[in-house]
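Asks: Fold the following for me, if possible:
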Amino acid sequence: MKRKIDIDFLIFLRKGLFRSPNEYEMKKARNIFLDLNSNLWNELYEKDRKNSFMFAESMNEFLLRKNDKAKFPPEIGDIVMLNLLLGYNHEASKIHPVLVLEKFGNRIFVVPGSSSDSYTKEAFHPSTNPTKKKNLYLIKPEEVILESGRTLEYNTGFKLENSALYSTSRITSDMAMAHLDPNSDAFKIIKAGVHYLIFPIENKFIEKTTIENNILKNDLIVLKEELSLVKIEKEMIEKNKKYEKN
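Replies: Numbers count the residues shown, from 1 in each chain. Predicted coordinates for the structure are as follows:
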């Protein structure tokens, strides 16, 4: 029978690390991590081996580089590999490609992607999947090729609702693996979609204001045309009067 992991003890030990733990505490902590009867990684391995390998890779990357600077300065539109670490229900996690939408100093606002079937088959694409919802956008390797020839290995779906701000230190690739032109329709659709998801009320207000402004513009055009006709009519009347006098 598996023992529960003693999280309370780990919290106690972490809070007490201003002093050196004694031999008993060290042994107990080691057992929590290594004892197969209470080992979190072993439980994860047994339940989901594929994910356990990916989580181990993600955690190892974190331990190696958590205090390091970014490997390179990414540009807006770059697609890079990013260590997202752990994620809860349907959140992006582990190491995945991300599309850089914005930069804020050493932070990047990104949309995570995945080449799994659950992403790619349900993702919107203007040519191949035009009826799908745009909150999951498909990008193909041939659409994001760098001058060096580097690009995505597979079709990748980018899930807009998983967009978030991360440190550039989380980048695991040595350079951009692909690039989506920020002036392209695809980039604009993705960025607008993310903005709509984050600020739905503001976007509805903008949409309403835009519609009202367009109506006013049309009314002004009609009014100008009417005024122009009135002016022409007045000029014709004046001409007729002069003609009658002569």
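Asks: tell me, how many neighbours does residue 165 end up with?
Replies: Residue 165 has 11 neighbouring residues, counting by other CB atoms under 10 Å. Yep, even glycine has a C-beta here, placed from its N, CA and C like the rest.
Asks: same question, the one 4 residues further on
Replies: Each residue near residue 169 was counted by other CB under 10 Å, and the total is 18.
Asks: Now do the same for it: its pLDDT.
Replies: Residue 169 carries a pLDDT value of 91.
Asks: That one contacts residue 64, correct?
Replies: No - with contact defined as CB atoms under 8 Å, residue 169 does not count as touching residue 64 (11.0 Å).
Asks: ok, residue 164 - how many residues close by?
Replies: Around residue 164 there are 14 residues (other CB under 10 Å).
Asks: Can you report phi and psi for it?
Replies: phi -160, psi 170 (degrees, to the nearest 10).
Asks: For it, list each beta-bridge partner.
Replies: Note on residue 164: beta-bridge partners by DSSP bridges are residue 110.
Asks: and if you look at residue 139?
Replies: Beta-bridge pairing for residue 139 (DSSP bridges): residue 156.
Asks: my guess is it meets residue 186, correct?
Replies: Yes - contact criterion CB under 8 Å: residue 139 and residue 186 qualify, at 6.8 Å.
Asks: which neighbours do the two share?
Replies: Overlap of the contact sets of residue 139 and residue 186 (by CB atoms under 8 Å, 6 or more residues apart in numbering) consists of residue 180.
Asks: if you count what's nearby, which of those two comes out ahead?
Replies: A side-by-side neighbour count of residue 139 and residue 186, using other CB under 10 Å, places residue 139 first with 26 against 21.
Asks: show me the contacts for that one.
Replies: Applying CB under 8 Å, 6+ apart to residue 139 gives the contacts 79, 99, 113, 152, 155-158, 178, 180, 186.
Asks: and with 7 Å instead?
Replies: For residue 139, the contact set (CB atoms under 7 Å, 6 or more residues apart in numbering) comprises 152, 156, 158, 180, 186.
Asks: May I ask which of these has the most neighbours?
Replies: residue 158 (30 neighbours).
Asks: just checking, that residue is part of a strand?
Replies: Yes - counting by DSSP: H, G, I helix; E, B strand; the rest coil, residue 158 is located in a strand.
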